[in-house]
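Colleague: No letters, just coordinates:
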C-alpha cells in the first residue's frame, strides 16, 4: 500500500504481529530501500516506510539537510524530526497501528533522524535499531527513554561517524534510561552480514521477529 496524504510519500506493508517497524532509509534511498531488510528481520511486523523529503544536489533523497558529510543542519533536523513524529502519529491513527508498538529501523541518515526522534520526541518510538548512527546533537537534558530497547551498530572505520560520536550517542541514550545494546565492529559505513545477523537476533529477542 502506498500513499502521500499523511505528509510523506510512504509504503505500508501490513503484518500480523501487532507491532510496526518504521523504516528510515539512508541518503540516496527511498521508501523502498529497506523493505526487504525489514521483512527479513521482522517477518510478522507491519512495515511503515516514509520517503525523505530533502533533495541534496537536486536528486539525492535525505530526511534532513546537511552542509557537508560531517556538518549537519541541526535547525532543519529539529524541524524535520517534529514533522516525522507528526507523520508517525497520523499514520498510526489512519491505519489502526498501535502507537505503543512502533520501533524504528534506520540506516545512516535514517538512523540519525531516528536518534533525533528518541532525543526530541521519545513518545513516538518504543525502541530502535540504529545502523551506523551518530549523535547529531547533544540533548539539553537526558530524554525520558525509560528502559526503551535500542540497538546501535557502528563501524570503527566509518568515515562519517568517528568513534567518539558513536560512544557519545550510546552515553546520551543510556543517560536517558534506554536499554542500549551497542556494537562497534571492524567495518566502515557499509553494513555487514554480522550487522544483519545481530539485528535479526536482537529483534527476535525483543519479540519483534
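Modeller: Nice, I can see it. None of the values given here were measured: they were computed from a predicted structure.
Colleague: So in terms of bridging, what pairs with residue 48?
Modeller: Per DSSP bridges, the residues bridged to residue 48 are residue 12, residue 22.
Colleague: residue ranges for the strands of this protein, please.
Modeller: Per DSSP state E, the chain carries strands over the ranges 2-3, 10-13, 20-24, 46-50, 54-56, 60-62, 66-68, 71-72, 102-107, 127-131, 149-155, 179-185.
Colleague: of all those strands, which lies closest to residue 87?
Modeller: strand 46-50 (6.1 Å; CB to CB). (C-beta placed from N, C-alpha, C; glycine too.)
Colleague: same question for the closest one, mean pLDDT?
Modeller: The average of the pLDDT scores along strand 46-50 is 98.
Colleague: List the buried residues of it.
Modeller: Going by neighbour count (16 or more other CB atoms under 10 Å), the buried part of strand 46-50 is 46, 47, 48, 49, 50.
Colleague: max-length helix in the protein?
Modeller: Secondary structure of the chain per DSSP state H: the longest helix is helix 74-95.
Colleague: average pLDDT for that helix?
Modeller: When pLDDT is averaged over helix 74-95, the result is 97.
Colleague: quick one, it and strand 20-24 angle?
Modeller: Interaxial angle of helix 74-95 relative to strand 20-24 (axes from the mean of the first three to the mean of the last three CA atoms, to 10 degrees): 150 degrees.
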